[in-house]
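Q: I need the structure of the sequence given here:
(chains A, B, C and D)
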Protein chains: 4
Amino acid sequence: MSKLRVAVIGAKGRIGAEAARAVEAADDLDLVAAIDRDDRLETLTEADTQVAVDLTHPDAVMDNLEYVIGHGIHAVVGTTGWTPVRLAALEERLAAAPGIGALVAPNFSIGAVLTMRFAQQAARWFESVEVIELHHDNKPDAPSGTAGRTAQLIAAARAEHGRAPQHDPTTHGLPGARGADVDGVPVHSVRLRGLLAHQEVLFGGTGETLTIRHDSLHHSSFMPGILLAVRTVPGVPGLTYGLEHFLSEDFRPDED
Amino acid sequence: MSKLRVAVIGAKGRIGAEAARAVEAADDLDLVAAIDRDDRLETLTEADTQVAVDLTHPDAVMDNLEYVIGHGIHAVVGTTGWTPVRLAALEERLAAAPGIGALVAPNFSIGAVLTMRFAQQAARWFESVEVIELHHDNKPDAPSGTAGRTAQLIAAARAEHGRAPQHDPTTHGLPGARGADVDGVPVHSVRLRGLLAHQEVLFGGTGETLTIRHDSLHHSSFMPGILLAVRTVPGVPGLTYGLEHFLSEDFRPDED
Amino acid sequence: MSKLRVAVIGAKGRIGAEAARAVEAADDLDLVAAIDRDDRLETLTEADTQVAVDLTHPDAVMDNLEYVIGHGIHAVVGTTGWTPVRLAALEERLAAAPGIGALVAPNFSIGAVLTMRFAQQAARWFESVEVIELHHDNKPDAPSGTAGRTAQLIAAARAEHGRAPQHDPTTHGLPGARGADVDGVPVHSVRLRGLLAHQEVLFGGTGETLTIRHDSLHHSSFMPGILLAVRTVPGVPGLTYGLEHFLSEDFRPDED
Amino acid sequence: MSKLRVAVIGAKGRIGAEAARAVEAADDLDLVAAIDRDDRLETLTEADTQVAVDLTHPDAVMDNLEYVIGHGIHAVVGTTGWTPVRLAALEERLAAAPGIGALVAPNFSIGAVLTMRFAQQAARWFESVEVIELHHDNKPDAPSGTAGRTAQLIAAARAEHGRAPQHDPTTHGLPGARGADVDGVPVHSVRLRGLLAHQEVLFGGTGETLTIRHDSLHHSSFMPGILLAVRTVPGVPGLTYGLEHFLSEDFRPDED
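A: Numbering: from 1, shown residues only, chains lettered A, B, ... in the order given. The predicted structure is shown next:
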């Protein structure tokens, strides 16, 4: 069986370099190109790339995807900075490229995806819920994309099961103490030297609490999810947002 | 619509008293008897009890259930001390009482049940898993029934998905450091003044960990689960072990 | 030896009632009065009270203390709502009552006081620090008095050892995500059904974090501190703010 | 001012390499030798080494120290495997080398040292205490050296303040559930893929708990402590065991 031909864009970045190594190490994948910002995108087509992994920068990703999709290459995108407007533009672009798939995911770690899934499942059972995300002290956005998305999923699950909005008891206090409001779910962002990427979802009901915590201690945690996406995206035309849609019963993380 | 006629056995105990109050406060339930060890079991039949909640002692529960089932009353059992032999005896007794249901549960809190469910779902995705349970300093058994059951469910889920047994790297150390072995899952029991009932399930994979933690801070956390069981058990003949089987999509905890 | 004559004001409140019982149970203390809002303050003087414990309401405490101090009675105050203006007024009042002591404390639990002490000691060693406090969903103020005070103590310790202010990397985000700013220390307030009173202080340095967490799971945690204050305040004239000043090497919590 | 002349033994190991870089980057230190197992120890004397940092293996460290001390070089030792017998041998060797100092430390991270210090300070105030240490799944010893030492320090502090031994309520259970017994303090060891080095000390008293947690997420956390030791050990002749003895009021971690 021929191997899937994979390219990494942003291969000199920390995660990009690790992704290139992970693709290279996988028996069923062939790393045919590993380019960075000084390289020509034409390298991708010259190498007959089937799937491109974009791990670059919000300023570059839209141009990269225009090229990739325009040349019939599937895309796995870990680059951040996605807004509803950008996603709509990407979806429209894909509509004009039948058969081509793109997976955009705010987080490729299995643990992060399970955290979101469990948070959705638990949401209906508890009166209260808040999210705390904790990251290293160089992170420019707050809250994190993963935390924002988790809060949205929780809010949607509460609404679906007829849960009333949470009541905030605060009558006096300092601005910001009660966090950011994401669809009615308070989200708190901690920035601390020494941390990498961590998230806690706290649920509270009568006499009990349930906490789901994800700790990402090393960027290698993204690799199993990136490889899964690379293998899956050729069979899923159009735009998919969120790795959870690829986490079917058949998925198995790479053993090491 | 007539209300379900409910009795509490062990109504002078802390949880029994709270259960009696919770039944009394529920619109669809009628507390027809609340007895303790000095009271006659005949009170149950004289009051036309439909469902009996047993919150007594391992020494008393088998006799109580013999009477209850023998008189066509459904049972919800929170009393501890269940062994495979005892469960088999109860199952046999129920086989001779067609239409009668009994729910035996090691834990009635929604949070504890969700913890076990999420632990089962997560088990296949991670290389490593251990359980830490933490309780007040009067608890005589270690590990807790809930922790033991959680570890068994995790072990079964790993086996089902072809996960290899965990490798314990310890080559020298003190006895006990690595916890109790429950079907290959290490379980650690902490006993601390000031705690009530807490459990953590820790999963570890490449570069990341996922932690599911349940904190029971007050016995009132058992009430929504007990009421759910009371309402559900008349429709489920035979023995059911574990509240999770009653946690269907239609279940809603009592709002307060 | 004669026992110290102690009164509790606010004795029908949850903590007040528990404080009255704790005073009564102590061998060296005599509960001579236990009054609430419908009772006359004159009861205190008629009972020859030496120390009054005020566990009432911000609306009542200043009048109570005016009476107490005016009649030569020492005060232990757990009532909340203290502002710099109120503290200054109390200090002035005490200056006119030589020999009379008042201890005002935002938190009487030993664990909370140790948390603050350790936070002060650790502050100089770490680049980053944030505070998360978590309380039940009826708490009207955010952040909690204890968290605010902890942040102030940390900020002072950092300044004293020449630590530069923390750099917040956030360049875009939602309002509130980064918490309340207390002297440069971010403080996050979580409100959750099922919780009582909890606080985490998170320190971060190169490659490591240190977390100090205090969980108050029952109001009984305040009693050892209240009894310590009652025994100590007659020997400390003037205003003392914070139980930590009474936590000397000789202090021993009541064993049970 | 002339710089302190420092050598690293074990400079090809992960921590050794990082230590060599840290010495090189420090303004007041001069890296004069960086050797590994295939290199001659004579390199140290040829380079006029004043302080040698040993980050090697239990099989090599005693010979290394014999050479180092015998040639009037001070030693900072992070190599593991220290037993009372080995420490006694080292102490005796140093007695024959007046003016030469050696610091042996089970842990060089500031957070770990503060955790031990706070645990000692808190020990007297709480009825219950247990230690949980969590490490990556390649660690051969359990419990960790740091956890064992922490438990010993806690036990000593309890004894000093007349605390009675902890009562274990367990009357039936599985072997190992209650952890290893270190001087009466239960210690639990968790081994999990994805973790590095973590420790929790849990204290429990009436109605409250206090938790001190240290997370080491990267080996760089040892560097500030190693540099401190290098600068301090020339002024402290004889054997010092534990970095905490060098953590005086004047110590400042390196800012980066």
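
Q: dump the residue contacts of A:Val51.
A: A:Val51 makes contact with A:4-7, A:73-76, A:230, A:233-234 under the criterion Cβ atoms under 8 Å, 6 or more residues apart in numbering or on different chains. In this view, the C-beta of every residue, glycine as well, is placed from N, C-alpha and C.

Q: Go again with 7 Å.
A: Applying Cβ atoms under 7 Å, 6 or more residues apart in numbering or on different chains to A:Val51 gives the contacts A:4, A:6, A:73-74, A:76, A:230, A:233-234.

Q: and what of A:Ile9?
A: Counting by Cβ under 7 Å, 6+ apart, A:Ile9 has contacts A:35, A:52-56, A:64.

Q: For chain D, what is the nearest residue in the stretch 1-150 of chain A?
A: A:Gly111 (8.6 Å; Cβ to the nearest Cβ).

Q: do the same with the stretch 51-200 of chain A
A: Residue nearest to chain D within the stretch 51-200 of chain A (Cβ to the nearest Cβ): A:Gly194, separated by 6.0 Å.

Q: Can you check the pLDDT for that residue?
A: What the model reports as pLDDT for A:Gly194 is 94.

Q: Can you classify it by secondary structure?
A: Secondary structure, DSSP: H, G, I helix; E, B strand; the rest coil: A:Gly194 is coil.

Q: Same check on A:Val129?
A: The three-state label given to A:Val129 by three-state DSSP is strand.

Q: Just read off the phi/psi values of A:Tyr241.
A: When quoted as degrees, to the nearest 10, the phi and psi of A:Tyr241 stand at phi -110, psi 110.

Q: any idea how far the closest residue to it other than its chain neighbours lies from A:Ala155?
A: What sits nearest to A:Tyr241 in space, not counting adjacent residues and going by Cβ to Cβ, 6 or more residues apart in numbering or on different chains, is A:Val104, at 5.3 Å. Distance, A:Val104 to A:Ala155, using Cβ to Cβ, to the nearest Å: 21 Å.

Q: Next: A:Trp82.
A: Distance from A:Trp82 to A:Ala155, counting by Cβ to Cβ: 19 Å.

Q: A:Asp168: neighbour count?
A: A total of 14 residues lie near A:Asp168 under the criterion other Cβ atoms under 10 Å in any protein chain shown.

Q: all strands for the stretch 151-256 of chain A, in order.
A: Remark: strands assigned in the stretch 151-256 of chain A by DSSP state E, counting those that start in this stretch are A:172-173, A:180-182, A:185-191, A:197-205, A:208-216, A:238-241.

Q: and of these, who's closest to D:Thr150?
A: strand A:208-216 (22.1 Å; Cβ to Cβ).

Q: Packing partners of the closest one?
A: helix A:110-123, strand A:197-205, helix B:110-123, strand B:208-216 (3 or more Cβ pairs under 7 Å, 6 or more residues apart in numbering or on different chains; DSSP states H and E).

Q: Dump the second one to CSV, restricted to CA.
A: Yep, that's strand A:197-205 we're talking about. Extracted as CSV, the C-alpha positions of strand A:197-205 are listed here (Å, rounded to 0.1, in the frame of the first residue of the first chain):
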residue,chain,number,x,y,z
ALA,A,197,-1.1,24.6,29.0
HIS,A,198,-3.7,23.5,31.6
GLN,A,199,-7.5,23.7,32.0
GLU,A,200,-10.0,22.9,34.7
VAL,A,201,-13.7,22.6,34.3
LEU,A,202,-15.5,22.8,37.7
PHE,A,203,-19.0,21.7,38.2
GLY,A,204,-21.0,22.2,41.4
GLY,A,205,-24.2,20.7,42.6
